[in-house]
Structures are given as C-alpha cells and as structure tokens.
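>>> Need a 3D model of the sequence below.
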Amino acid sequence: MPLSPDEIDRYARHLVLRDVGGPGQLKLKASRVLVIGAGGLGAPLIQYLAAAGIGRIGIVDDDRVSLSNLQRQVIHGTPDLEDLKAESAARAVHRLNPHVAVDIHAGRLTAENARSLVAAYDIVADGSDNFETRYAVSDACFAEKKPLVTAALGQFDGSLTTIRAHETDASGRPNPTYRCLFPSPPPPGAIPTCAEAGILGALAGVMGSLMAMEVLREIVGFGESLVGRLLMVDARSMRFETLQYGWDEGNPLNGSTAAASSRSERSGEPGLQEQP
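Okay, here's the model as predicted:
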C-alpha cells in the first residue's frame, strides 16, 4: 500500500535518507512489532516506533500507571495514573501518529501464551524487567522463527542485543540464543528490583531509544546487526562497549543435544539418532 500525501510529509526526513528512502518506509509501514512492557524501556521504544511509522504495534503489559513510574516512563502522564499501561500507551500512540494501528494485550506474557502472542508479529522487542519473561519471550521467538531485540536496565547501566537464533551465520553455524548469553537466571534476590535499587530515569530513555533504532534497522536492513554482539552502556562514564558472544552447543534450543532430539522425534524412535 503506497504512502499517502500526509505520510510522505510526516516521514520526509526518512524518505531523504539513502539507507531508508521510500522502500524502507514502506517496509516500516508493513511491519508488525510486538513490544513486551510499556514501562521504562517500552515507553520511549513505543513512541519512536510509532513516530517512525510502524504499521502495527502490539503492547503487552498487565501493570497500571503509578506515580513512581513517571520519573522514567515518559509515554504516560499524571492524568493516566491507575490506568492500564497498555491502554495509556495506546492512547499516546494514537495522539502521535494516527496511521499506526495498536493491539492492546493487557495481560502478563507467560510460557503458556508467549508463542501465540509472538506468532502474530514480524519482530519482537522485549523491555520486560524479569528473567522469567525474558526466557519465555526468547524461547517463543525461537520456536516461531521471529527476530528478537532485547534490552535490560540497571541503576546506571544498560545492555542491548538482537537474537536471530532460528537462523545461521554466513558459515552455516547457528546464531546464538538468549540462553547462550544467559544460560540460567541469577538466584532469587541476587538482583535488586528497580524499587529497591533505583534507576536513572534518562537512562531508560537512552536504552529504549536504542532498542527502537535496532528494531528499525532490523526491519529496513541497513547497517550491522547486533546479532552475536551485546551492547553495554555505562551512564556513569558515558562509555559504550560491545561484547562478542557466540553459539553454545550445549544450549537447549538449537544446541547439539536439541538437534539430536529433534532428529530422533522425526525418525519416530525417541532416544535414537537417524543413521547417516
């Protein structure tokens, strides 16, 4: 579907970019992005995705807006207090860009419903604040063959990476999964919550904006992907560093054991590998 005159004017600064242009803007318009969380990371992420002209944004969040959220969750305002965050964020999207459709998923993403939510979208951006949700999202993205942009926040630091675990690299080696980067969650209580430790509000804006940039880059296809690279941001020293990480053959999703199990299931003889 071509861009309308209003959209041409709205996205003019994208249209003159050599690496985006008309074809790239049409890709954004045709894309469906699922955002997990409308909080610190999700707030700026959703705003920039809407401003960029993503065709459909799904918002998953079961929480309500509280006064302590407003220090960093800039998509919400004082009039939105006690409203569902997914609904508040949807209203903000409609005010910002009426060309963007919004799906409200005002519930909690779990291992049981993750695949059905993920399956309806082209790319997933995870801004959740707990490992249980992150593992559920990343496992579902692997199963449904969807790219995942995922980020996390600390008090003065953040991290960001992209997962395409359902694909291989140029050499044919599987791309790393989220479980290759974080094989298991930390012990309960090892990482203090945001309410306990605090967080620099502007840092959430930086990391959420970086998430949006990575989603747009993945959709349009310009530049170098963060697949296999973890971007780490230190707000105290204003330092950005990138850590390389790779496929772990022991991971349960696309590791050697998982591949052998899959072959055994296809052969109809559990526990036995197909003979060459």
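
>>> Flag every buried residue along the longest helix along the chain.
Secondary structure of the chain per DSSP state H: the longest helix is helix 201-220. Buried residues in helix 201-220, counted by 16 or more other CB atoms under 10 Å: 203-205, 207-208, 210-220. (Glycine included, C-beta is placed from N, CA and C.)

>>> Next: stretch 172-192.
174-181.

>>> coming back round to it: out of the buried residues of helix 201-220, who's nearest Gly24?
Taking CB to CB as the measure, Gly24 lies nearest Val220 of those, at 4.1 Å.

>>> Was I right to think that closest one contacts Leu17?
No. Using CB atoms under 8 Å, Val220 makes no contact with Leu17, being 9.3 Å away.

>>> can you give me how far the longest helix of the chain is from the chain middle?
Remark: helix 201-220 is offset 9 Å from the chain centroid, using CA atoms, centre = their mean, to the nearest Å.

>>> cool, stretch 13-25 as well?
Using CA atoms, centre = their mean, the offset of stretch 13-25 from its chain centre is 23 Å.

>>> What about Thr257, how many residues nearby?
11 (other CB atoms under 10 Å).

>>> Now do the helices in the chain.
5-10, 12-15, 21-30, 42-52, 85-96, 114-119, 131-144, 178-181, 194-197, 201-220, 256-267.

>>> can you list the ones you listed in a markdown table and add mean pLDDT and distance to Pro187?
Putting these into a markdown table (pLDDT from 0 to 100; distance: least, CB to CB, whole Å) gives the following:
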| stretch | mean pLDDT | distance to Pro187 |
| --- | --- | --- |
| helix 5-10 | 98 | 48 |
| helix 12-15 | 98 | 45 |
| helix 21-30 | 98 | 41 |
| helix 42-52 | 98 | 27 |
| helix 85-96 | 98 | 29 |
| helix 114-119 | 97 | 24 |
| helix 131-144 | 96 | 11 |
| helix 178-181 | 95 | 17 |
| helix 194-197 | 82 | 15 |
| helix 201-220 | 98 | 25 |
| helix 256-267 | 55 | 25 |
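
>>> Quick check, central residue of the protein?
By CA atoms, centre = their mean, the mean C-alpha position of the chain lies nearest to Ala125, the distance being 1.5 Å.

>>> Just give the nearest non-adjacent residue to that one, would you?
Val149 (4.7 Å; CB to CB, 6 or more residues apart in numbering).

>>> hang on, the one you found packs against Ile123?
Yes. Val149 lies in contact with Ile123 (CB under 8 Å); the separation is 7.1 Å.

>>> For these two, indicate the residue with more neighbours.
Between Val149 and Ile123, Val149 has the larger neighbour count (other CB under 10 Å), namely 28 against 23.

>>> contacting residues around that one?
When contacts are counted by CB atoms under 8 Å, 6 or more residues apart in numbering, Val149 touches 123-126, 160-163, 211, 214-215, 218, 226.

>>> make it 6 Å
125, 162, 211, 214-215 (CB atoms under 6 Å, 6 or more residues apart in numbering).

>>> From Lys85, how far off is Gly198?
20 Å (CB to CB, to the nearest Å).

>>> ok, now Ser138?
From Ser138 to Lys85 the distance is 22 Å (CB to CB).

>>> of the two, who's got more company?
More crowded of Ser138 and Lys85, by other CB under 10 Å: Lys85, with 27 against 24.

>>> Any idea how many residues pack against Ile46?
By other CB under 10 Å, the burial measure for Ile46, its neighbour count, is 31.

>>> same question but for Arg108, I mixed them up
Count around Arg108 with other CB under 10 Å applied: 14.

>>> Which per-residue confidence value corresponds to it?
pLDDT, Arg108: 94.

>>> contacting residues for it?
Asp62.

>>> please redo it, this time with the cut-off set to 8 Å
Taking CB under 8 Å, 6+ apart, one finds 62, 133 in contact with Arg108.

>>> Please report the distance of His14 from Pro98.
17 Å.

>>> neighbour count winner among the two?
Set His14 next to Pro98 and count neighbours by other CB under 10 Å: His14 wins out with 19 against 11.
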